[in-house]
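K.L.:
my questions concern the predicted model and sequence given below.
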Amino acid sequence: MLIGTGMPVYVAAEAVDMRKSIDGLASWVQESLAVSPLSGSLFVFFNRARDKVKLLWWDRHGFWLALPLQFFINLGLPSLAPR
């Protein structure tokens with residue numbers, strides 16, 4: 001997978017339960033974004049504290065679910081937690 005080669009990227013604006021598996025995240029994509037999870041797009045999900053991230057995408061081999069290492073996700077993103 002090469003990001004930046006015309007692959008659409010969707011970032012979930014709301015917090016997603018990080019206990020969700022591939023099936024749960026794919027269902028969330030269909031219901032919340034009205035996009036097919038089989039479209040070949042990259043879907044990015046954060047937890048409420050925005051300190052965990054999951055990446056989901058489909059290619060000809062099936063679904064891929066990535067959980068990047070902790071140091072990679074300390075991007076200084078704003079929290080989704082109520083203030």
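P.N.:
Arrived safely. Residues are numbered from 1 along each chain as shown.
K.L.:
C-alpha only now, for contacts and for neighbours.
P.N.:
Noted.
K.L.:
can you confirm residue 10 is in a helix?
P.N.:
No. Following the definition DSSP: H, G, I helix; E, B strand; the rest coil, residue 10 is strand and is not counted among the residues of a helix.
K.L.:
surely it and residue 43 touch.
P.N.:
Yes. With contacts counted by Cα atoms under 8 Å, residue 10 reaches residue 43, the gap being 4.9 Å.
K.L.:
quick one, which of the two is more surrounded?
P.N.:
Under the criterion of other Cα atoms under 10 Å, the comparison of residue 10 against residue 43 puts residue 43 first, with 20 against 16.
K.L.:
assign that one to helix, strand or coil.
P.N.:
Judged by three-state DSSP, the three-state class of residue 43 is strand.
K.L.:
isn't it right next to residue 63, touching?
P.N.:
No. With the criterion set as Cα under 8 Å, residue 43 and residue 63 do not qualify as a contacting pair; they are 11.3 Å apart.
K.L.:
which residues do the two both contact?
P.N.:
56, 57 (Cα atoms under 8 Å, 6 or more residues apart in numbering).
K.L.:
list the contacts of the spatially most central residue of the chain.
P.N.:
The residue lying closest to the centre of the chain (Cα atoms, centre = their mean) is residue 44, at 2.2 Å. Residues touching residue 44, when contacts are defined by Cα under 8 Å, 6+ apart, comprise 9, 10, 11, 12, 53, 54, 55, 56.
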